[in-house]
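Enquirer: When you get a sec, could you give me coordinates for this:
(3 chains)
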Amino acid sequence: MAEVLRASKPLPRAFYERSALLVARELVGKVLVHRTAFGVACGRIVETEAYRGPKDLAAHTANGRRTPRNEAMWGEAGRAYVFQLYGVHWAFNAVTGFLGEPHAVLVRALEPVAPFELSEARRGMSAERRELMNGPGKLCAALGIGAETYGVDLCGTSALTIVEGLPRARVARSARINVAYAGEWAKRLWRYYEAGNRWVSVKPRD
DNA sequence: GAATAGATTGTCT
DNA sequence: GACAATCTATTCT
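Expert: Numbering: from 1, shown residues only, chains lettered A, B, ... in the order given. Purely as a prediction, here's the structure:
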């Protein structure tokens, strides 16, 4: 896998300049990579969710809301939208669509990819554990994603990128997680995950 | 494996 | 002041 990563280039901007639903589906199987002074940590994307403001009431950009926090969602596709919730956990999104279209894809779970050392140290557990990066907050902790990566360009030479991954199994879909407040929008099947993958966060009940 | 409760703080109204 | 695109420990089956 390490060789695969070295040979892989970041996904081009054109990849992100499409419907969030399409990008969410196609991100499954790709590999998220973060290089820092401490080393490299990465994971294969196995679960995503699409957020499509201003109509989508589950999105931070619902009803055209635009604040310092969600500014990145209004910007260029292919950049990172990182936010903190519950004051402690970080979550990572890839901005999608065209300029002025505040859409993004939340990465909800990763399958560990070697080298594991840095992720294991950051999470204080072995890569054998299902909990290493099977949730939005957990994967950000494992990869060291935080305030410093806000708005970073995923398509350039940044420390944070997404590269072509390994073949994937069937991609299944379900309703998004923890967005009950969005009413009818919460029922949309905008969560995508690799069928049968043990690293998916919440067990699908489809 | 599944369900439940409590933690905890930045962000926006 | 209310709430949040969550996590962890705990308590069950």
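Enquirer: what does chain A put close to DNA strand B?
Expert: Residues of chain A lying near DNA strand B by CB under 7 Å from any atom of the strand: A:65, A:67-70, A:84, A:86-88, A:130, A:203. In this view, the C-beta of every residue, glycine as well, is placed from N, C-alpha and C.
Enquirer: Repeat the analysis, applying 10 Å as the threshold.
Expert: For chain A, the contact set with DNA strand B under CB under 10 Å from any atom of the strand comprises A:60, A:62-63, A:65-71, A:83-89, A:130, A:137, A:147, A:150, A:198, A:202-203, A:205.
Enquirer: Could I have the buried ones of those residues as ChimeraX selection syntax?
Expert: Buried residues among those (16 or more other CB atoms under 10 Å), as a ChimeraX selection:
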select /A:60,62,70,83,137,150
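Enquirer: What about the residues of chain A next to DNA strand B, which are in strands?
Expert: Using DSSP state E, A:83-85, A:89 are the members of the residues of chain A next to DNA strand B that sit in strands.
Enquirer: A:Val23: how many residues sit nearby?
Expert: For A:Val23, the count of nearby residues is 25 (other CB atoms under 10 Å).
Enquirer: what's near enough to touch it?
Expert: Neighbouring residues of A:Val23 by CB atoms under 8 Å, 6 or more residues apart in numbering: A:15-16, A:50, A:94, A:96, A:105.
Enquirer: ok so it is a helix residue?
Expert: Yes - counting by DSSP: H, G, I helix; E, B strand; the rest coil, A:Val23 falls inside a helix.
Enquirer: Look up how far A:Glu101 lies from it.
Expert: Distance, A:Val23 to A:Glu101, by CB to CB, to the nearest Å: 12 Å.
Enquirer: Please list which of the contacts of A:Val23 are also close to DNA strand C.
Expert: A:50, A:94, A:105.
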